[in-house]
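> for reference, the sequence and a predicted model appear below.
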Amino acid sequence: MSAPRYQQIKKYLCDAIKSGEYSVGYKIPTENQLASQFSVSRMTVNKAIRDLVQANMLVRYAGVGTFVCDAKAESPLADIKDIAEEVKHRGKRYSCQQIKLKQINAYEMLAMQMGVPINSIIYRSVLVHFEDDIAIQLENRYVLAKLVPDYIKQDFSTATPHSYLSKVCPVSKIEHIVEAVLPSDKVQALLDIDASTPCLQVNRRTWSDDRLISFACLTHPGPRYKLRSIAAKG
């Protein structure tokens, strides 16, 4: 007795993913295309895809498409973890590329985010974090120079900004704002993704002893990353 049609479609997609024909980040054919290919209804295709989404093999983005995802990197949303330790905890190899580390003067929008006067001295760092040589996060961070004067002297290719800041300015409060975005040309180049790849962008502000220390914009390729939040009831 032959397997149900949705199981055949599911096996076809699984085989394509496991063989590398459909690699991580690849946009699979649409439901209409698969329905035509297998001579079935969209409902049948939808069931196969839903099963693979639940198995974390595929990820769907409304209006964009369905993409192949790896066993996704996962980060807690209600807390801050060192991304290097997260990667190592998953048994993967962590690496980092430091793109930029320089002093700037706060422009109007940045000054508002940091709660300081325009032209205040700010240190800016830009890094790409990798898991097994695959880019999983672009970190664009701004730090108040007067509160963390030695930030500009660090080598963040060997220790993350989070690791350093946790030692010199332990976090007392955090704010997260999460949104879905499409990558700019620069983000595409740094994360090695194309223009249609949906991304998760986390804007994070951190305080130490009630003083705002850092504002970071963290961009993750959606098919490679997920955020998790656990809240206690009561």
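Done, it's in. Source: prediction; values computed, not measured.

> list the beta-bridge partners for Leu58.
Going by DSSP bridges, Leu58 is paired in beta bridges with Val68.

> okay, now the unreliable bits of this protein?
Residues of the chain meeting the criterion pLDDT under 70: 1-2, 70-79, 225-234.

> as a check, name the ranges of all strands in it.
Counting by DSSP state E, one finds strands in the chain at the ranges 58-61, 65-68, 73-76, 94-105, 121-131, 134-144, 173-181, 199-208, 211-221, 225-228.

> residues contacting Pro161?
Taking Cβ atoms under 8 Å, 6 or more residues apart in numbering as the contact definition, Pro161 lies against 125, 127, 139, 141, 143, 151, 154, 214, 216. (Each C-beta comes from the backbone N, C-alpha and C, glycine too.)

> hang on, the earlier thing: mind checking which of the strands of the chain is nearest Met112?
Proximity to Met112 (Cβ to Cβ) singles out strand 211-221 among the strands of the chain, at 10.1 Å.

> okay, buried residues for the lengthiest helix in the chain please.
As assigned by DSSP state H, the longest helix anywhere in the chain is helix 5-19. Across helix 5-19, burial judged by 16 or more other Cβ atoms under 10 Å covers 5-6, 9-10, 13-14, 16-17.

> before we move on, what about stretch 96-116?
Buried residues in stretch 96-116, counting neighbours by 16+ other Cβ under 10 Å, are found at 96, 98, 101, 106, 110-111, 114, 116.

> could you dump those residues to CSV with distance to His220?
As requested, those are exported to CSV (distance: Cβ to Cβ, whole Å):
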residue, distance to His220
Cys96, 15
Gln98, 18
Leu101, 21
Ala106, 26
Leu110, 22
Ala111, 26
Met114, 23
Val116, 27
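
> name the nearest of those residues relative to Gly25.
Nearest member of the buried residues of stretch 96-116 to Gly25, counting by Cβ to Cβ, is Cys96, at 20.3 Å.

> quick check, the closest one in contact with Phe156.
Yes - assessed by Cβ atoms under 8 Å, Cys96 is found in contact with Phe156 at 6.7 Å.

> what's the overlap in contacts for these two?
Contacts common to Cys96 and Phe156, judged by Cβ under 8 Å, 6+ apart, are Leu127.

> show me the domain layout of the chain.
5-68, 73-228 (automatic domain parsing).

> what is the neighbour count of Ala135?
When neighbours are defined as other Cβ atoms under 10 Å, Ala135 has 19 of them.

> what's the first-to-last distance across stretch 64-83?
End-to-end distance for stretch 64-83, by Cα to Cα, to the nearest Å: 28 Å.

> same question for stretch 107-122.
First residue to last in stretch 107-122 (Cα to Cα) measures 10 Å.

> so which residues make contact with it?
For stretch 107-122, using Cβ under 8 Å, 6+ apart, the contacting residues are 103-106, 142-146, 205, 212, 215.

> name all residues that make contact with the closest residue to Val59 other than its chain neighbours.
Closest residue in space to Val59, ignoring its immediate chain neighbours: Cys69 at 4.5 Å, by Cβ to Cβ, 6 or more residues apart in numbering. Cys69 is in contact with 24-25, 56-59, 223-224, counting by Cβ under 8 Å, 6+ apart.
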